[in-house]
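1. Coordinates for the following, if possible.
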Amino acid sequence: MPTDPKNRLNRALLGLAVTALAMTACATAAQATPPVGPDDPPTSRSHVQEAAAHAPTVLGRAAHVIDTKTGKVYFSKKADLRLPVASITKVMTAYTVLKEARPSDVVKVTSGDVRYASKDGASVAGLRAGDRLTVENLLYALLLPSGADAAHALARVYGPGVDAFTAKMNAAARELGMRDTLYVNADGMPAKGGGYSTARDQTRLAQAALGSQTLKKVASSRSRSVSATAEHRAYSWRNTNRLLGKPGAVGLKTGYTRAAGYTLSFAADREGRQLAGVILGETSSTRRFQTAQRLLDWAAGGQR
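-> The predicted structure is shown next:
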């Protein structure tokens, strides 16, 4: 008996719909399993894969969360994807400075530092040419309001010169095993074609940075006031990191450029562990903090 053409068409359309639903389900499942990198030990890989179904949703382009003491990976999404990282570059700036400077060392701010920071919409700490500030206070100016003027002053002195200092940043990255990172300046602005890094590499940096008590103290401060002296005027800076004040939060740094989107290097002391992570390529400033908080809560809440 001949088949009704209309019935044949309906069956074909139904088959296509079922196939499309199956493909969507497979894609969703694949996305829900955070990828792991070749450096992760087998125990970390299996743990991440088993826990993936219960992990928080991360809408940023890449993310990575670890225990800084054991190296255990709690979450990983496209952790080896090279991306611009914006001002979380300044964590490496601070780390590189402290490899050779003492917090009590004094740096004189120049008109060139101020002029450099006034270009291209960079964040500034409002430094005044002629002021003489300790390295410690310049680190507060660097990490709290994300001052490109402070970054330039520190790079100029401890390069000496920005190009030489940037070379030191890249050398420090190699020492830390950050194989997929290239810095082009000390502030993270998209100059000279822009640099890049990965969520895994930046988490390695966070792990190292937290080993410096000075850097950890500065990055975990919600504000800093500096009284006027004969050497400098008064300053007051507030931290752009909205995670501070949450349970155990100890930093580290926010970032934003059009190319990078919203970025965040974060860390917290939770449940007897020190957790650190990075989110790159987020499209919402608020959501990066919310996501970081969920990742910290999830990692601290029994993901052992």
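2. Quick check, central residue of this structure?
-> Geometric centre of the chain, nearest residue: residue 265, 3.1 Å, by C-alpha atoms, centre = their mean.
3. Bridged to that one, which residues?
-> Counting by DSSP bridges, residue 265 is bridged to residue 253, residue 278.
4. Now do it, the pLDDT please.
-> In this model, residue 265 is scored at 98, pLDDT.
5. How about the contacts made by it?
-> Going by C-beta atoms under 8 Å, 6 or more residues apart in numbering, residue 265 touches 88, 91, 202-203, 205-206, 251-253, 255, 276-278. For glycine as for every other residue, the C-beta is placed from the backbone atoms N, C-alpha and C.
6. now the residues you listed as a markdown table including distance to residue 82 and pLDDT?
-> Output for those, formatted as a markdown table (distance: C-beta to C-beta, whole Å; pLDDT from 0 to 100):
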| residue | distance to residue 82 | pLDDT |
| --- | --- | --- |
| 88 | 14 | 98 |
| 91 | 18 | 98 |
| 202 | 11 | 98 |
| 203 | 14 | 98 |
| 205 | 15 | 98 |
| 206 | 18 | 98 |
| 251 | 24 | 92 |
| 252 | 20 | 97 |
| 253 | 19 | 98 |
| 255 | 16 | 97 |
| 276 | 20 | 98 |
| 277 | 18 | 98 |
| 278 | 13 | 98 |
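7. which residues of the protein score low on pLDDT?
-> Counting by pLDDT under 70, the chain shows low-confidence ranges at 1-53, 302-304.
8. can you give me the strands in it?
-> For the chain, the strands defined by DSSP state E occupy 62-67, 73-77, 106-108, 132-134, 223-226, 235-238, 249-257, 261-270, 273-282.
9. if you compare the ones you listed, which one is most tucked away?
-> For those, the largest average neighbour count (mean count of other C-beta atoms under 10 Å) is found in strand 62-67, namely a mean of 27.
10. quick one: contacts for the nearest residue to residue 117 once chain neighbours are set aside?
-> Distances taken as C-beta to C-beta, 6 or more residues apart in numbering put residue 149 closest to residue 117, at 3.6 Å, once the chain neighbours are dropped. Neighbouring residues of residue 149 by C-beta under 8 Å, 6+ apart: 109, 113, 114, 116, 117, 124, 125, 126, 127, 141.
11. same thing with residue 234?
-> Residues counted as contacts of residue 234 (C-beta under 8 Å, 6+ apart) are 225, 226, 227, 228.
12. if we take these, which one ends up nearest to residue 97?
-> Nearest to residue 97 out of the contacts of residue 234 is residue 226 (C-beta to C-beta; 17.9 Å).
13. hmm, back to that, now a PyMOL select for only the buried ones of the contacts of residue 149.
-> This is the PyMOL syntax for the buried subset of these, where burial follows 16 or more other C-beta atoms under 10 Å:
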select buried, resi 109+113+114+116+117+124+125+127+141
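14. Out of the contacts of residue 149, which is nearest to residue 270?
-> residue 141 (28.7 Å).
15. if I look at the closest one, how far off is residue 94?
-> Separation of residue 141 from residue 94 (C-beta to C-beta, to the nearest Å) stands at 11 Å.
16. With residue 222 instead?
-> 17 Å.
17. And for residue 62?
-> Taking C-beta to C-beta, one finds residue 62 at 22 Å from residue 94.
18. Next: residue 72.
-> 26 Å.
19. re earlier: could the strands of the chain be laid out in a markdown table, adding distance to residue 154?
-> Putting these into a markdown table (distance: least, C-beta to C-beta, whole Å) gives the following:
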| stretch | distance to residue 154 |
| --- | --- |
| strand 62-67 | 27 |
| strand 73-77 | 32 |
| strand 106-108 | 7 |
| strand 132-134 | 10 |
| strand 223-226 | 16 |
| strand 235-238 | 15 |
| strand 249-257 | 15 |
| strand 261-270 | 18 |
| strand 273-282 | 22 |
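20. closest to residue 54 out of those?
-> So among those, strand 73-77 is nearest, using C-beta to C-beta, at 10.6 Å.
21. CA atoms of the closest one as CSV?
-> In CSV, the C-alpha atoms belonging to strand 73-77 read as follows (Å, rounded to 0.1, in the frame of the first residue of the first chain):
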residue,chain,number,x,y,z
VAL,A,73,43.0,20.8,40.9
TYR,A,74,39.4,21.4,41.9
PHE,A,75,38.2,22.9,38.7
SER,A,76,39.5,23.5,35.2
LYS,A,77,38.0,24.9,32.0
